[in-house]
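K.L.:
I need the structure of the sequence given here:
(one chain, ligands or ions: 1)
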Amino acid sequence: MQPTTLIWFRRNLRVADNAALHTALQRGLPVAGIWISEEGRTNPRQALFLHRSAAELHQALAACGIPLYGLQGNAEQLVSEWADALHAAAVVADEAYTPSELWADNRIWHALDKKNIPFIRVNDRSIFAKSELTDRYGMPYRTFPEYRQAWLQAYAQRFRYKQPVSYTAADGILQTALDGLPPFPANLYTPSIVVQHKGGEAAGEKQWAQFAAEIGFYPLQKDFPARKGTGQISAYLTAGCLSARSLAAQAWQQQHRAWLDTLIRRDFHLQTAFHMPSANQEPADHPVSSRYLERWQAGQTGFPLIDAAMRALKRSGWLHPALREAVALFWCGTLKQPWQSGAAWFAAQLTDYEPAANQGNWQEACAQTAPPPLYWAQKLDPDGTFVRRHLPELAHLPSELVHTPHLAGANADTHGYPPPMIKV
Ligand SMILES: Cc1cc2nc3c(=O)[nH]c(=O)nc-3n(C[C@H](O)[C@H](O)[C@H](O)COP(=O)(O)OP(=O)(O)OC[C@H]3O[C@@H](n4cnc5c(N)ncnc54)[C@H](O)[C@@H]3O)c2cc1C
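P.N.:
Okay, here's the model as predicted:
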């Protein structure tokens, strides 16, 4: 069998602007891909989304004559085994950021190195790669405002005279399939679970196109969860169905700076997870109250906006960014509970779960002083639309009462909705 270049698709489940695919094709050998559904996932919703996205990639690659093998098991073992099976002269993957992935990558690198197979990592997740932006002493930026300033300067400088890079080598690839194209394994996860977003590159592009048409309203709409004024593309970015690099280029060219900040924040958390891994791994400094945890998770705290947000998260696997901040601040600041247990609940629920973003944002939120829950209600849902949508027991209440049903006393039936669990 002819030697190949093997791509291990991880968080770059797309054909467009894919640096790993581009790198593999540049090597001139036939290309084959593997995608691994790793054992021990505790987030079935995300597992399902990734499976759907990989299945679509399988079809897109097949149309170019590139086989993608869908595997399940331990990545450390499988990458090495499949490198042998497909006579790989090199393995290419997208660069990892978080400690657990980096440790696994080291072991994979060792196993491949023993066989003289290079393990090439390329940047497909962030816009600036992990060590591209450092201060004048070569140290990573520790605060977002500093990082943002450096990011904007570097981006402006880099693209003053040329267009941002977009890897286009994938266009029209047509290679002879190796040994016929493999079928993609059936879905291993319960299809009955609700996943708000469909998965796959085409659905990601569609979601982006819808938002791009409205992106000019983002600064006005972003703080009203009932209106869905944000991109709702995080699951696609986490799985790599969309390229952050391409979206940044579009936002930059069209001068949507307010929205571009969200992608810069994403880069910031990725580089922080890489450069300061211990910050995200601190153990909790006090035990969690299981009673509080149950009520917060179930959306039964007696604070309507918090409860509506927590129920929306559990039902759909996605939550508006401002509400993520509100429920995180409520958990750490109002209930005085350790951020780690809140972050663990998010990790199990979010379709877009991404360890660097999740832990980084939890830590940031919990370092702030929590405003009273009513502050969030007035700011994010002044007329109660979001609460009514997610708390049917309060749907009949007028705007003056929907955020404070306990004040209605016997004048309103709240259908068993609990009073506030603590005094604030
Ligand atoms: C406590 C907490 C936990 C979070 N956990 C995650 C997570 O596990 N995975 C995740 O992708 N995002 C996480 N976020 C960030 C953010 O809330 C989500 O990315 C956002 O809700 C996605 O919605 P959107 O696509 O409409 O975002 P938009 O506002 O349209 O932003 C566009 C994209 O920028 C990125 N982004 C925006 N804000 C942030 C941010 N603060 N940090 C990192 N990236 C950002 C996301 O990829 C997002 O899709 C978390 C935020 C908080 C406060």
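
K.L.:
so residue 229 sits in a strand?
P.N.:
No - using DSSP: H, G, I helix; E, B strand; the rest coil, the assignment for residue 229 is coil, not a strand.

K.L.:
The stretch 51-200 of the chain: helices as residue ranges?
P.N.:
Taking DSSP state H, counting those that start in this stretch, the helices of the stretch 51-200 of the chain run over residues 75-85, 99-113, 144-158.

K.L.:
Out of those, which gets nearest to the ligand?
P.N.:
Shortest distance between the ligand and the helices of the stretch 51-200 of the chain, using CB to the nearest ligand atom, is found for helix 144-158: 8.9 Å. To be clear about C-beta, it is placed using only N, CA and C from the backbone, and glycine gets the same treatment.

K.L.:
what packs against the closest one?
P.N.:
Packing contacts for helix 144-158, counted by 3 or more CB pairs under 8 Å, 6 or more residues apart in numbering; DSSP states H and E, involve helix 257-275.

K.L.:
which residues sit against the helix it packs on?
P.N.:
97-99, 102, 125-128, 130-131, 133, 140-142, 144, 147-148, 151-152, 215, 218-219, 222, 230-231, 237, 244, 247-248, 251-252, 279-280, 321, 355-357, 359-361 (CB atoms under 8 Å, 6 or more residues apart in numbering).

K.L.:
correct me, but residue 11 touches residue 125?
P.N.:
Yes - counting by CB atoms under 8 Å, residue 11 does reach residue 125; the two are 5.6 Å apart.

K.L.:
For the two, list the residues in contact with both.
P.N.:
94, 240.

K.L.:
Can you list the residue ranges for strands in this protein?
P.N.:
Assigned by DSSP state E, the chain shows strands spanning 4-9, 31-38, 68-73, 88-94, 119-122.

K.L.:
What about the closest residue to residue 104 other than its chain neighbours, how many residues nearby?
P.N.:
In space, residue 104 comes closest to residue 76 once its chain neighbours are excluded; the distance is 5.6 Å by CB to CB, 6 or more residues apart in numbering. Close neighbours of residue 76, defined as other CB atoms under 10 Å, add up to 18.

K.L.:
And residue 76, what's its pLDDT?
P.N.:
Residue 76 is assigned 94 on the pLDDT scale.

K.L.:
Tell me the residues of the stretch 301-424 of the chain that contact the ligand?
P.N.:
Residues of the stretch 301-424 of the chain lying near the ligand by CB under 6 Å from any ligand atom: 321, 324-325, 328, 346, 350, 352-354, 357-358, 361-362, 365.

K.L.:
So which of those residues belong to helices?
P.N.:
Among those, the members found in helices (DSSP state H) are 321, 324-325, 328, 346, 357-358, 361-362, 365.

K.L.:
distance of residue 418 from the ligand?
P.N.:
24 Å (CB to the nearest ligand atom, to the nearest Å).

K.L.:
That should have said residue 338, apologies.
P.N.:
Using CB to the nearest ligand atom, one gets 13 Å for the distance from residue 338 to the ligand.

K.L.:
Offset the numbering so it begins at 40, please.
P.N.:
Fine by me, first position is 40 from now on; the one you just mentioned is residue 377.

K.L.:
Let me see the contact set for that residue.
P.N.:
Residues near residue 377 by CB under 8 Å, 6+ apart: 323-327, 371.

K.L.:
ok, and the closest non-adjacent residue to residue 363?
P.N.:
In space, residue 363 is closest to residue 400, 6.9 Å off (CB to CB, 6+ apart).

K.L.:
Could you find the closest non-adjacent residue to residue 237?
P.N.:
Excluding the flanking residues, the one nearest residue 237 by CB to CB, 6+ apart is residue 91, at 6.9 Å.

K.L.:
Report the contact partners of the one you found.
P.N.:
Applying CB under 8 Å, 6+ apart, we find residue 91 in contact with 226, 237-239.

K.L.:
among the strands of the chain, which is nearest residue 430?
P.N.:
Comparison of these against residue 430 by CB to CB identifies strand 70-77 as nearest, at 35.5 Å.

K.L.:
how far off strand 107-112 does the closest one point, in degrees?
P.N.:
Put simply, strand 70-77 runs at 30 degrees to strand 107-112, going by axes from the mean of the first three to the mean of the last three CA atoms, to 10 degrees.

K.L.:
Against which helices or strands is strand 70-77 packed?
P.N.:
strand 43-48, helix 58-65, helix 83-101, strand 107-112, helix 114-124.

K.L.:
okay if I get these as a markdown table plus distance to the ligand?
P.N.:
Formatted as a markdown table, the helices and strands packed on strand 70-77 follow (distance: least, CB to the nearest ligand atom, whole Å):
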| stretch | distance to the ligand |
| --- | --- |
| strand 43-48 | 19 |
| helix 58-65 | 18 |
| helix 83-101 | 9 |
| strand 107-112 | 23 |
| helix 114-124 | 20 |
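
K.L.:
for the ones you listed, which one ends up most surrounded?
P.N.:
strand 43-48 (a mean of 26; mean count of other CB atoms under 10 Å).

K.L.:
Neighbours of residue 270, how many?
P.N.:
Residue 270 has 23 neighbouring residues, counting by other CB under 10 Å.

K.L.:
do the same with residue 311
P.N.:
Neighbourhood size, residue 311 [other CB under 10 Å]: 26.

K.L.:
Over to residue 455?
P.N.:
When neighbours are counted by other CB under 10 Å, residue 455 registers 7.

K.L.:
now it: how far from the ligand?
P.N.:
Taking CB to the nearest ligand atom as the criterion, residue 455 is separated from the ligand by 29 Å.

K.L.:
repeat for residue 258
P.N.:
To the ligand, residue 258 is 11 Å away according to CB to the nearest ligand atom.

K.L.:
contacting residues around that residue?
P.N.:
Applying CB under 8 Å, 6+ apart to residue 258 gives the contacts residue 297.
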